[in-house]
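Undergrad: any chance you can model this:
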Amino acid sequence: MSLETVLSKVREKAEKADVSKVGFLAVQVNLSDCDPGVFYVEVKDHKVNVEPYDYHDRNCAFTINSDDFNKLIDGKLDPIVAFTTGKLKIDGDIEKALEFSKLLK
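TA: Predicted coordinates:
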């Protein structure tokens, strides 16, 4: 799956996400099977931005392949199962990572 396909899907989900109770959240996603495969999702001032860049001042970073990420945001892969089985690596705040996964479902 290409980065553009993933970005389109994440942007579509982000438009529908209820971020009214989210203060600030910045998550970088590293897709291990895409080159380039980096993008970020930022929730700030109750708005969601999805951009194809590194985010250096992030709460956490996900590293996952594009197929598993697709399953994750479709609700077909539980983030805790993905993490414990090694399909998902998280660098940073685990609580923020869980908040992010709930946002995109």
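
Undergrad: what about the helices in the chain?
TA: 3-16, 66-73, 79-84, 94-103 (DSSP state H).

Undergrad: residues in contact with the helix or strand bottoming out on mean pLDDT in the chain?
TA: Least confident helix or strand, the chain: helix 94-103 with a mean of 88, by mean pLDDT, DSSP states H and E. By Cβ atoms under 8 Å, 6 or more residues apart in numbering, the residues outside helix 94-103 that reach it are 14, 17, 19, 22, 25, 27, 41, 43, 59-60, 62, 72-73, 79, 90. All C-beta spots, glycine's among them, are computed from the backbone N, C-alpha and C.

Undergrad: stretch 12-29 too?
TA: With contact meaning Cβ under 8 Å, 6+ apart, stretch 12-29 is reached by 10, 38-44, 46-48, 50, 54-55, 57-62, 64, 69, 73, 96-97, 99-100, 103-104.

Undergrad: now the buried members of those residues.
TA: For those, a burial check counting by 16 or more other Cβ atoms under 10 Å picks out 10, 38-43, 48, 50, 55, 58-62, 64, 69, 73, 96-97, 99-100, 103-104.

Undergrad: determine which two of the contacts of helix 94-103 are furthest apart.
TA: 19 and 90 (20.5 Å; Cβ to Cβ).

Undergrad: which of those two has more residues huddled nearby?
TA: residue 90 (20 against 15; other Cβ atoms under 10 Å).

Undergrad: state the pLDDT value of the most centrally placed residue in the chain.
TA: For the chain, the residue nearest the mean C-alpha position is residue 29 (5.3 Å; Cα atoms, centre = their mean). As predicted, residue 29 sits at a pLDDT of 97.

Undergrad: what's the spacing between it and residue 84?
TA: 19 Å (Cβ to Cβ, to the nearest Å).

Undergrad: how about the contacts made by residue 37?
TA: 3, 30, 31, 66.

Undergrad: ok, the last one - how many residues close by?
TA: Right, residue 66. Residue 66: 18 neighbours (other Cβ under 10 Å).

Undergrad: what of the first one?
TA: Other residues near residue 3 come to 17 when the count uses other Cβ under 10 Å.

Undergrad: I'd assumed residue 39 was in contact with it.
TA: Yes: using Cβ atoms under 8 Å, residue 3 is in contact with residue 39, at 6.9 Å.
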